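>>> Provided below are the primary sequence and the corresponding predicted coordinates.
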Amino acid sequence: MNLVIVESPTKAKTLSGILGKDFVVRASMGHVRDLPKSGLGVDVEHDFAPEYVVPDKAKKTLTELRKYAKDADMVVLATDPDREGEAIAWHLKELLKLKEAGYGRAVFHEITKSAVQESFTNQGKIDGKLVDAQQARRVLDRLVGYKLSPLLWKKVRFGLSAGRVQSVAVKLVVERERARTVFTPVEYWSVEGLFDHAAGKVTAALVEQAGKKQELASKQEVAKVVDALQGGRFTVAKITKTQKQKRPYPPLKTSTLQQSASNVFGYPAYKTMKAAQLLFEKGLITYHRTDSLNLAAQFIDAVRDFVATTYSPAHLPESPNYYKNASKNAQEAHEAIRITSLSLAPGTADIAKLSVEEQKVYGLIWRRSLECQMAPAVYDATAVDIVSEHGYGFRASGSVIKFAGWLALTNMPGGEEEEETQNLLPDMAQGDSVKLVKLDPAQHFTQPPARYTDASLIKALEELGVGRPSTYAPTIQTIQQRGYVEKENRSFKPLDVAYVVIDLLNTHFSNIVDYEFTARMEEELDEVALGKLKWQPMIKEFYEPFAQVVKHKDAELKKQDITFLGNSDELCPKCGKTLMFKLGKFGKFLSCSDYPTCDFAKPIEETITSLVDEHGNTVPQAPEVHDYGKCEVCAEGDYILRVGRFGKFLACSRYPACKSTKPFLVKVGVKCPECTEGELVVKKGKGRTFYGCSRYPECKYSTWKKPAPAVTEG
């Protein structure tokens, strides 16, 4: 009997169907050994040796694996083909006490019959360099997290965390928000004209005056231009015809898969990666943690045959398309993410059995796998310049698809829809007269830099060389769960604690959030994986000065200085000094600037929000006022809405004199269908929203489906 060990039951089921009865396939359920949850878990005095433990949840699985391994003729470690998978294989070898002759390492990038059989025929051994790289990352992140996090607990707020990649991600969000705050909108105007030609009407934009670019900054300037144009004669001065190409997008890698799913479906990165993981384990796509843009020659040949047969040979370039990766630290050893079978198109019976998320992600991958090898789309582009007798120039642009090329996939099921922007212009000739029908002036304002979304944040991290493809999804989840950022219309908005922590790190631990430093650490981890660098000296060079700074700052820094969020325009009612905004356990509050001499403090509730009017001006708005009732403990204060680590809650307005709190419930306006006494309220679980009875735990009714009535707060 041969024992094969993989990470998950889904992967085990797929492999069992390929390998047959001579193999027993079992799942390790992820890592079977890791650093302890509590304590540093790294012996800094002895070459940073990791102090691994077997988690309680893995003990039963490990016992079963030991029993199978004892009776097996050969143990094949078939974990994922990356550093994490290599580390899992190494931990299994150590814990199962496998001898060199008694185990093999099977590495495959797709779970298909041919790939699996080839890997089992050509088994190797565990790559110690990849294991070292994984251990180095794990140890490095543990040292940063377990040294910095307690400092943040003492100096800012309990429950916070810091990390190389997550802190850089928060810094990006904070810097973008600060750029938005100081941004001043600038007014500008555009003018479009509707012209009548014998062959039809055409819309053109005002672009120049007397050969100079026309820039209009006010309504008064626009009025002068409109007056000058009224009743004038207009002539077609020039017609320019060109042929343009639109090339297909490259094949998908981890970061661009996450970006595409975010842009097209609004999926957060973790949801995309979860769907991709299942697609890989079911044998439908190649390995989904990769930053390579390479494709196997055999697959390219198959795609070219498919395209030539399904469409035409003209839909293929003369030779295959190859793509170069522009991102920092890209590793080209693996393939890009692609489908494993051209016969399984979106909408076919086997794909229709997948979950909705899996079908959508598969559709993206299927389409990109084909289109990246197709010919460019060809457009006939036309530009018509219309000039007035006073020298004002208008331009109309049109384009028509001459040859669809890769855009022929637009009408295929699944995947991104590419907009076919076609604009037919009337058939005109140079020198023709046209008549002005009407002018349409429009006011605009320059916009502040957009907040980061999942897609743009991942793109920024990749361009900076921060983190690896596998780290983006958990990083984004962590900064949300830790209360650094919140999502507002799919975009990340920093919370007060993010400003405090980033300012602290920028001032006292600048290398931790320095983009170049963090990218350089990634490069060194890659060098460890290639065997060019030993990981212990690398860790030592970073850790020793870092530990000294942490120790020094722990003694030096005072919480009241760090949690400062700015001065208010209020004076302390006790001593007359200025009140300051400070960050506390339950969010922002007002504190006397003479603290600790004066101990006056009071909680605050956001009372003003701002909107931007049609002219781009910020207008204060009073929000909807909620009455949450009197405090049930002291009966003097009122309950007000606060935001803490775990979201919104109600707290007494007399805090800290009264520390009464109670849950904040978002009611749906529907009675519980099970007990008929409670109301359905919005709840959060594992990053997902569901609806449960307000009488929990007396009534445990819950549902994922959103009830119909509108949500109300209370």
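The structure has been received and is ready for your questions.
>>> the closest residue to P663 other than its chain neighbours: how many residues sit nearby?
For P663, ignoring the flanking residues on the chain, the nearest one in space by Cβ to Cβ, 6 or more residues apart in numbering is F649 at 6.1 Å. Yep, even glycine has a C-beta here, placed from its N, CA and C like the rest. Neighbour count of F649, defined by other Cβ atoms under 10 Å: 18.
>>> got phi/psi on F649?
Phi and psi for F649, reported as degrees, to the nearest 10, are phi -150, psi 170.
>>> measure it to R338 for me?
Per Cβ to Cβ, to the nearest Å, F649 is found 47 Å from R338.
>>> residues contacting the residue nearest the centre of the chain?
Nearest residue to the geometric centre of the chain (Cα atoms, centre = their mean): D454, 2.7 Å. Contact analysis of D454 by Cβ atoms under 8 Å, 6 or more residues apart in numbering lists Q258, Q259, S262, Y267, P268, A269, I476, R490.
>>> confirm that the fourth one sits in a strand.
In this case it means Y267. No: looking at Y267 with DSSP: H, G, I helix; E, B strand; the rest coil, it is coil, so not inside a strand.
>>> contacts only, for it.
Y267 neighbours (Cβ under 8 Å, 6+ apart): A261, E357, K360, V361, D454.
>>> which of those count as buried?
Buried residues within the contacts of Y267, defined by neighbour count using 16 or more other Cβ atoms under 10 Å: A261, E357, K360, V361, D454.
>>> surely the first one is in contact with K360?
It stands for A261. Yes: with contact defined as Cβ atoms under 8 Å, A261 reaches K360; the gap is 7.3 Å.
>>> and of the buried ones among the contacts of Y267, the nearest to V225?
When those are ranked by distance to V225 (Cβ to Cβ), D454 comes first, at 42.9 Å.
>>> tell me the pLDDT at that closest one?
D454 is assigned a predicted lDDT (pLDDT) of 94.
>>> just give the nearest non-adjacent residue to it, would you?
D454 sits nearest to S262 (Cβ to Cβ, 6+ apart), 4.1 Å away.
>>> over to K246?
A377 (4.5 Å).
>>> got a list of what that neighbour touches?
If you count contacts by Cβ under 8 Å, 6+ apart, A377 has them with Q245, K246, I401, F403, A404, G405, W406, L407.
>>> tell me the phi and psi of it?
Residue torsions, per degrees, to the nearest 10, at A377 are phi -80, psi 140.
>>> okay but I604 is in contact with L583, surely?
No: the pair I604 and L583 fails to qualify as a contact (Cβ under 8 Å) at a distance of 11.4 Å.
>>> who's more crowded, the two?
Higher neighbour count among I604 and L583: L583, with 22 against 16, using other Cβ under 10 Å.
>>> look up phi and psi at that one.
Backbone geometry at L583, expressed as degrees, to the nearest 10, gives phi -100, psi 120.
>>> relative to A498, how far out is it?
Separation of L583 from A498 (Cβ to Cβ): 10 Å.
>>> what's the answer for K585, then?
Distance from K585 to A498, counting by Cβ to Cβ: 16 Å.
>>> between the two, which has more neighbouring residues?
A498 (23 against 15).
>>> so which bits of the helix or strand containing that one are buried?
Assigned by DSSP states H and E, A498 belongs to helix 496-508. Buried residues in helix 496-508, counted by 16+ other Cβ under 10 Å: D496, V497, A498, Y499, V500, V501, I502, L504, L505, N506, H508.
>>> what's the overlap in contacts for I604 and L583?
Common neighbours of I604 and L583, using Cβ under 8 Å, 6+ apart, are F589.
>>> so what sits opposite W189 in the bridge?
Following DSSP bridges, W189 is listed with bridge partners L216, Q443.
>>> my guess is it meets Q220, correct?
No: using Cβ under 8 Å as the test, W189 is too far from Q220 to be in contact (10.1 Å).
>>> gap between L439 and V191?
6 Å.
>>> K353 now?
55 Å.
>>> who has more neighbours, those two?
Shown here are K353 and V191; by other Cβ under 10 Å, V191 has more neighbours (20 against 10).
>>> ramachandran angles for that one?
Dihedral pair for V191: phi -130, psi 120, per degrees, to the nearest 10.
>>> which SSE is the closest residue to it other than its chain neighbours in?
Sequence neighbours aside, L206 is the residue nearest to V191 in space, at 4.1 Å (criterion: Cβ to Cβ, 6+ apart). Using DSSP H and E, the element containing L206 is strand 200-209.
>>> touching that strand from outside, list them.
Residues outside strand 200-209 that contact it (Cβ under 8 Å, 6+ apart): 190-195, 213-214, 225, 384, 386, 390-396, 425-426, 428, 434, 437.
>>> contacting residues for Q536?
Each residue near Q536 by Cβ under 8 Å, 6+ apart is listed here: D47, F48.
>>> next secondary structure after the helix or strand it falls within?
Assigned by DSSP H and E, Q536 belongs to helix 535-556. Going down the chain from helix 535-556, the next helix or strand is helix 559-562, by DSSP H and E.
>>> which pLDDT value belongs to G41?
We have a pLDDT of 94 for G41.
>>> C634 now?
Reading off the model, C634 has pLDDT 88.
>>> please apply the same query to E570.
87.
>>> residue contacts, it?
E570 touches T578, L579, L590, counting by Cβ under 8 Å, 6+ apart.
>>> which one is the first one nearest to, not counting chain neighbours?
The shortest distance from T578 to any residue that is not its chain neighbour, by Cβ to Cβ, 6+ apart, is 4.7 Å, and that residue is S593.
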